[in-house]
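> sequence plus predicted model, see below.
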Amino acid sequence: MHDSHYFFHHVPDNLETGTYRIFEPEWKAQILDWFSQEDVPKEQKEEFIKDLTDFDCGCGDVYRYRAYFLAAEALAHFKDCSLGDAIVEQLLKWSYIYFGGKIYPKALTKAARAALEVTDRERVISAFVQLTHTTESRHTLREAALHLGKFDPGNKSAIAALVLLLQVTEHKDTIYKIIRSLEQIGSGSEIAIAALVHLMETTGDKYICRYAISSLREIGCGSPIAISALVKFLQVNRGDEICFAAIVSLWKIDPGNAAVTESLVHILENTQNRYFFSDAAGCLAEMAPGCQAAIAALSERLETDPDEWLRWRAADRLLEIDPTNQIATATLSQMLEPAQAEWERMRAAEILLRSDPGNKTAAATLSEVFETTQDEEIRWRLAERLLEIDPDSQTAVTTLSQLLETSDSQLMRLKAAERLAQSEDCRQKAITALFELAHSFIDEYQEYGLPDRLPAISILEKIDLTYQLTTEALFQVISATEDCTTLMFAAESLARIAPSNSLEKAKLDEVVPILVRFIQTFQEVEDTQFYSATSSLSYESCLLELADSLKALLQSDHLPQVVTALKDYAGEPFYKNSSYRYEAVLDILWHCAQKMTYPDFCKAWRE
């Protein structure tokens, strides 16, 4: 039997002579087993726990926290430890439960929450229950209730605390958070369901009402209270966004409920809102295919409504529900006439061909529009249609090649290149274009494909099974760009495909210092172009995304140089000047500490 010094013996002046098995993953199971052994005196276990909780690493506190978390996990094997309550209380503080005027780094809070999962569970539940009964902070109460509900599903104290908060809170954002918390821990709870129903029925804020209804969808499956409330709600509220939320929720918790189809048919019959009309028809096609009331309502709108768009959409949806409907076919056939606009003729022809692939008039109309139009979007769309019918269509390939070479729109060139890349004869031309567009963030692409990524890179990923072309393009982008947004997306893509690809070591050695430099120097800017390109991404998000990508790309021989380069940004004084950079740096250093030995980390820190 070993004593604790076999696992841990700290020699601050000469780390190489110390013993630091507590930080080596392969020894963790044996250490925890040591705490479980009945023949180990309690005094030795207590001493080891105290040594772990008092450890002073002298290198940014990362290893001090790691030692503390090992002590916390040991509590699950040494339940009568005298320091148990204090350790769990400290974990709660680090987990953002207690604030006390101090916000802890995200890397620490994430690790503390993980430690709560593996420490003495009974102590954790007891501590959270105590906190919900004693705290005067509403924020702390919500957080404690949420965590308690996750540790002990269905815990009545947790749900009661959130319901109480819902009754006394007036701030809209906080109400959203409470609803979200109830959604996460209140599945099947009649108390939680009743609270959301009450909020839905009494709030004067339509957004809160909609949010409560959507949460009922997640926790109210089969609940008579929820079903009755939603049916009643739909009898009063018809034809707005909240109505749709109630329809979707009711259908999920009570599939086949007649109130759903009744509400959707009412919208088809009465709304003048194009989007509500289209959504209602789409929902009926999915939820109640063949519904005669829906067919009648769509047919009526198709024959009488003066709005051309609504008539076209009604015909489209009607054929989805009733593929042989003659009224829809006749209306769409009228829209093929040359006097109609190009887009209307094209859409009508496409719908007719979808329901009747042999419709010669529709096919001829598409060919005519294709030959005469100057609209690039129509030319691209019809070329795509031709390739669906005939994958070897030279007419389509020629059209896409022209768009690739002559269009002033980056989006159009991108879409043409994506399609041409599937053709063996045009593949290299398409790849060349994608490399040219690799640096570009194209705003319109958010409606076309993947919004949070460089779109040309995304396309390369899809056509490049070995990722060689993709990584080559990404290395070029990262090496050349001075824009943090572009760098962030490129690094994220490279990090995502790295596990499946053997990256060139020399290239990676160039990329890592670039990412480190950006983390060291990137400043918050008021740049409308930056924020429009990144949508909801903030300065904080950008730094943290870069940190995540860097962690995924680091290899073992990079770790010491990264620690040395970033250690000066990890001190408390630096937190006051740039808290987001501090968070990113701490996250990276925490990662390095998981991969390095304690002596190696300290050596890099002190250089």
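Alright, I've got the coordinates.
> can we go C-alpha only for contacts and neighbour counts from here?
OK.
> the helix or strand encompassing residue 405 packs against which elements?
Assigned by DSSP states H and E, residue 405 belongs to helix 394-406. Judged by 3 or more CA pairs under 8 Å, 6 or more residues apart in numbering; DSSP states H and E, helix 394-406 is in contact with helix 376-389, helix 410-420.
> sort out which residues of the first one are buried, please.
Within helix 376-389, the residues scored as buried using 16 or more other CA atoms under 10 Å are 378, 379, 380, 381, 382, 383, 384, 386, 387.
> now that helix against helix 394-406, angle please.
Angle of helix 376-389 versus helix 394-406, following axes from the mean of the first three to the mean of the last three CA atoms, to 10 degrees, is 140 degrees.
> need the mean per-residue confidence for helix 376-389.
Averaging pLDDT along helix 376-389 yields 90.
> just the last one next, same as before
Averaged across helix 410-420, the pLDDT comes to 91.
> hang on, the earlier thing: out of the helices and strands packed on helix 394-406, which is closest to residue 546?
helix 410-420 (26.0 Å; CA to CA).
> how far away from the center of its chain is the closest one?
Helix 410-420 sits 27 Å away from the centroid of its parent chain (CA atoms, centre = their mean, to the nearest Å).
> so that helix versus helix 394-406, what angle?
140 degrees.
> what's next to helix 410-420, contact-wise?
With CA atoms under 8 Å, 6 or more residues apart in numbering as the test, helix 410-420 has contacts from 376-377, 380, 384, 397, 400-401, 403-405, 407, 426-427, 429-431, 433-434, 437, 442, 444-445, 456, 459.
> returning to that earlier point: of the buried residues of helix 376-389, which pair is most distant in space?
378 and 387 (14.2 Å).
> remind me which residues of the stretch 151-300 of the chain are low pLDDT?
Residue ranges of the stretch 151-300 of the chain with pLDDT under 70: none are present.
> what segments of it are helices?
Using DSSP state H, counting those that start in this stretch, the helices of the stretch 151-300 of the chain run over 156-168, 172-185, 190-202, 206-219, 224-236, 241-253, 258-270, 274-287, 292-304.
> for the helix or strand just after the last one, name the packing helices and strands.
Heading C-terminal from helix 292-304, the first helix or strand you meet, by DSSP H and E, is helix 308-321. For helix 308-321, the helices and strands in contact under the criterion 3+ CA pairs under 8 Å, 6+ apart are helix 274-287, helix 292-304, helix 326-334, helix 342-355.
> quick check: the nearest residue to residue 507 once chain neighbours are set aside vs residue 518, distance?
Setting aside the residues directly before and after it, residue 507 is nearest to residue 475 in space (CA to CA, 6 or more residues apart in numbering), at 7.1 Å. According to CA to CA, to the nearest Å, residue 475 and residue 518 sit 15 Å apart.
> go on, residue 326?
Taking CA to CA, one finds residue 326 at 63 Å from residue 518.
> just want to know which of these two has more residues nearby.
residue 518 (18 against 14; other CA atoms under 10 Å).
> thought that one was touching residue 484?
Yes. Using CA atoms under 8 Å, residue 518 makes contact with residue 484 at a distance of 7.4 Å.
> thinking again about what came up before, give the buried subset of the contacts of helix 410-420 as a ChimeraX selection command.
Filtering those down to the buried ones (16+ other CA under 10 Å) takes a single ChimeraX command:
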select :380,384,397,400,401,403,404,426,427,429,430,431,433,434,437,442,445,456,459
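> would TSV of the helices and strands packed on helix 308-321 with distance to residue 117 be doable?
Below are those laid out as TSV (distance: least, CA to CA, whole Å):
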stretch	distance to residue 117
helix 274-287	41
helix 292-304	51
helix 326-334	59
helix 342-355	54
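> local confidence estimate at the residue nearest to residue 507?
So, for residue 475, pLDDT stands at 92.
> residue 511 is in contact with that one, correct?
Yes. Counting by CA under 8 Å, residue 511 is a contact partner of residue 475 at 7.4 Å.
> what is the neighbour count of the spatially closest residue to residue 294 that is not a sequence neighbour?
Ranked by CA to CA, 6+ apart and with sequence neighbours excluded, the top spatial neighbour of residue 294 is residue 265, at 5.6 Å. Residue 265 is flanked by 23 other residues according to other CA under 10 Å.
> tell me the contacts of residue 265?
So residue 265 contacts 280, 293, 294, 297 (CA under 8 Å, 6+ apart).
> contacting residues for the second one?
Just to be clear, that refers to residue 293. residue 265 are the contacts of residue 293 under CA under 8 Å, 6+ apart.
> residue 53 against residue 71, yeah?
Yes. Residue 53 is within contact range of residue 71, at 6.6 Å (criterion: CA under 8 Å).
> more neighbours: those two, which one.
Shown here are residue 53 and residue 71; by other CA under 10 Å, residue 71 has more neighbours (25 against 20).
> so that one touches residue 52, yeah?
Yes. If you go by CA under 8 Å, residue 71 and residue 52 touch, sitting 6.0 Å apart.
> chain neighbours aside, what residue packs nearest to residue 377?
residue 412 (7.6 Å).
> now residue 440
residue 454 (6.5 Å).
> then residue 599?
Per CA to CA, 6+ apart, closest to residue 599 is residue 15, 5.7 Å.
> pretty sure the one you found sits against residue 597.
No. Residue 15 lies out of contact with residue 597 (CA under 8 Å); the separation is 10.6 Å.
> if we only consider the contacts of residue 265, which is nearest to residue 584?
residue 280 (45.7 Å).
> please name the nearest non-neighbouring residue to the closest one.
residue 264 is the one closest to residue 280 (CA to CA, 6+ apart), at 5.4 Å.
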